[in-house]
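>>> the following block contains a protein sequence and its predicted model.
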Amino acid sequence: MTSTRNLDFSLLPNIESMDMFIRLEMDVDKKLKEDDTLHEVYERAQAALMFFCKASEEKEDWINSAFIRAGLNEFYSLEDAARRDFKKSIKKSIKNSPKIRDSLNPLIHLMYLLRHANVHAKVSSTKVHPVSIISTLGEKSHEHSYGAIILESPILEDLPRCNEAKKYYKGTDLKSVADWFDNVQCVFGVGEVLRRGLSAYCRELLKSAKGET
């Protein structure tokens, strides 16, 4: 009997601002830098972040799609990286690193499914979406306009291309997280949303490495 993977929608990030620097969320970035055990996890997280942030309006759509796809692959590789890091460095009382599919965070699952869909079924296309942001750097606030990169087709069209989406998830859950993603990526771009999901999984790995639940 196939078991449905449970999702907690209260864990979805509230994306009302974006970091001006290319880094994981500040608390995660600081802890991973200081941690002396999750070396490969940090390296691969940095690689995923680099790819997510390389997509820009100056590049052709196929190049932006390639960057997003590469970032999702590096994100997916964190699971194996964590397993190796845990085996080398984590105390024996903590046997296994948390798998992506064991998370309750809907965004982490969405990135997992998008990675599989992009590798095994169809490459997601991108487009430029005009946005305006308010910068608070300096003494005065300034409004800036730029073209944010977003995934073009509705996400819900791509998810069923992954067999796991149909096998392990409720249709209502997939629609809810897809609708959320389609809306929130238009605020600062898909890279910012994926940065939050990447940070969320790294945060779960850090907690597990310290024996926290």
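In hand now; what should we look at?

>>> after the lowest-mean-pLDDT helix or strand in the chain comes which helix or strand?
Lowest on mean pLDDT, DSSP states H and E among the helices and strands of the chain sits strand 126-135, with a mean of 81. Sequence order places strand 142-151 as the next helix or strand after strand 126-135, per DSSP states H and E.

>>> and the contacts of that following strand?
Strand 142-151 has contacts (CB atoms under 8 Å, 6 or more residues apart in numbering) with 55-57, 64, 68, 124-135, 158, 185-186, 188-191. C-beta: built from backbone N, CA, C; applies to glycine.

>>> residue 208 sits in which helix or strand?
Assessed by DSSP H and E, residue 208 sits inside helix 190-209.

>>> ok, residues contacting stretch 75-91?
By CB under 8 Å, 6+ apart, stretch 75-91 touches 36-41, 43-45, 48, 94, 96-100, 111-112, 115, 194, 197-198, 201-202, 205, 209, 211.

>>> which residues touch residue 117?
124, 158, 159, 161, 162, 165.

>>> what is the burial count for the second one?
Neighbour count of residue 158, defined by other CB atoms under 10 Å: 21.

>>> that one reaches residue 114, doesn't it?
Yes - with contact defined as CB atoms under 8 Å, residue 158 and residue 114 form a contacting pair (6.8 Å).

>>> what's the overlap in contacts for these two?
residue 124.

>>> longest helix anywhere in the protein?
The residue-count maximum for a helix in the chain (DSSP state H) belongs to helix 61-89.

>>> right, and the helix or strand after that helix?
Next element after helix 61-89 (DSSP H and E): helix 106-120.

>>> next one: that next one to chain centre, how far?
In terms of CA atoms, centre = their mean, to the nearest Å, the centre of helix 106-120 is set 9 Å apart from its chain centre.

>>> pull out the buried residues from that helix.
Residues of helix 106-120 classed as buried by neighbour count (16 or more other CB atoms under 10 Å): 106-118.

>>> now swap in stretch 201-213 and tell me
For stretch 201-213, a neighbour-count test (16+ other CB under 10 Å) marks 201, 202, 203, 204, 205, 206, 208, 209 as buried.

>>> likewise stretch 118-135?
For stretch 118-135, the neighbour count (16+ other CB under 10 Å) marks 118, 124, 126, 128, 129, 133 as buried.

>>> from the buried residues of helix 106-120, which is closest to residue 22?
residue 111 (18.0 Å; CB to CB).
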